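Participant: I would like the atomic coordinates for the input below:
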Amino acid sequence: MIESALYLFPVGLSATPPDQVLPQTNLDLLRQVRYFVVENLRSARRFLKSVDKTIDIDSLKFVELSEHTPISAVPSMLDPLERGEAIGVISEAGCPAVADPGADIVAVAQRRGFKVIPLVGPSSILLSLMGSGFNGQRFAFEGYLPIDDASRNKRLKEMQLRIQRERQTQIFIETPYRNNKLISELCAKLPGNLLLCVASDITGPNQSIRTLELSKWKNERFDYKKIPTIFLLFS
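Facilitator: Residues are numbered from 1 along each chain as shown. As a prediction, this is how the structure comes out:
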């Protein structure tokens, strides 16, 4: 019997079957949860069906928690815990509450003294860092870079200085259709001796994790357009 707690369920990063990237314990627990807080209803339902086609999706209760959800709406999402039920939190991909709006419900649960259980699963941030060869003791995830040119250039300069002064690995992402443009931009705006790791389709059938100096990326032929990709800089 599942205990009353807020369970944080990681989701695969690619189309790889869940049983290839998630522990069996996660899959067993998912079958027992009746209440879910999800980032996106459609992708959450699809994920649950991929875990077990026999799950009766229509019998489950879902509430969406996205970047557009007002913080005032979050506390009531924990009502099932007050009744001794379990709640599962599901992101669109990767680990809930890591660069994810699920952090809001975890914060409220912690303030109210509810049990929170994070479960093992793939994180693009950690997997790319593991495969990059960069500093794994000092690193920062920057999320998306600013769109505005001035702010973007400032952020790139700040990241370069952190690498040089603090030996801190810089990790960030881009909208997939702009991946190729971002690599070209980094080659043009940053010193050629900086190292760039491009980690693409992590855990997927076309996974690629490559680390090269920017001066070498400049002459490489690549195409990461529309492929989920994460970028890391170091020296």
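Participant: Show me where this protein has its helices.
Facilitator: For the chain, the helices defined by DSSP state H cover 24-30, 41-51, 79-82, 102-111, 124-132, 149-166, 179-189, 214-217.
Participant: for the first one, packing partners?
Facilitator: If you count contacts as 3 or more CB pairs under 8 Å, 6 or more residues apart in numbering; DSSP states H and E, helix 24-30 packs onto strand 6-9, helix 41-51. For every residue, glycine as well, the C-beta is placed using N, CA and C.
Participant: Name the surrounding residues that touch that helix.
Facilitator: If you take CB atoms under 8 Å, 6 or more residues apart in numbering as the criterion, helix 24-30 is touched by 2, 7, 9-10, 18-19, 48, 51-52, 55, 88, 119-121.
Participant: Quick check: beta-bridge partners of P118?
Facilitator: Beta-bridge pairing for P118 (DSSP bridges): L8.
Participant: That one and F9 touch, don't they?
Facilitator: No - between P118 and F9 there is no contact under CB atoms under 8 Å: 9.3 Å.
Participant: overlap in contacts of the two?
Facilitator: With CB under 8 Å, 6+ apart, P118 and F9 have common neighbours P96.
Participant: When these two are compared, which one has more neighbours?
Facilitator: Set P118 next to F9 and count neighbours by other CB atoms under 10 Å: F9 wins out with 27 against 16.
Participant: how close does the residue lying farthest from the centre of the chain sit to F114?
Facilitator: Distance from the C-alpha centroid of the chain peaks at R83, with 30.5 Å (CA atoms, centre = their mean). Distance from R83 to F114, counting by CB to CB, to the nearest Å: 12 Å.
Participant: Burial check on D19, number of neighbours?
Facilitator: 13.
Participant: Could you report the pLDDT at the closest residue to it other than its chain neighbours?
Facilitator: For D19, ignoring the flanking residues on the chain, the nearest one in space by CB to CB, 6 or more residues apart in numbering is L27 at 6.6 Å. We have a pLDDT of 95 for L27.
Participant: and L27, how many residues sit next to it?
Facilitator: A count of neighbours around L27, defined by other CB under 10 Å, yields 14.
Participant: Against E64, how distant is it?
Facilitator: For L27, the distance to E64 (CB to CB) stands at 23 Å.
Participant: do the same with D100
Facilitator: In this view, D100 and E64 are 13 Å apart by CB to CB.
Participant: Looking at these two, which is more packed in?
Facilitator: Between D100 and E64, counting by other CB under 10 Å, D100 is the more crowded of the two (20 against 16).
Participant: Just give me the residue right at the centre of this structure.
Facilitator: Closest to where the C-alpha atoms of the chain average out (CA atoms, centre = their mean) is G94, at 4.4 Å.
Participant: which ones are touching that residue?
Facilitator: Counting by CB under 8 Å, 6+ apart, G94 has contacts 10-11, 13, 100, 121-125.
Participant: Of all the helices of the chain, which one is nearest I227?
Facilitator: Nearest to I227 among the helices of the chain is helix 179-189 (6.8 Å), distances taken as CB to CB.
Participant: what's the angle between that closest one and helix 149-166?
Facilitator: Here helix 179-189 runs at an angle of 70 degrees relative to helix 149-166 (axes from the mean of the first three to the mean of the last three CA atoms, to 10 degrees).
Participant: Right, I'll call it a day here.
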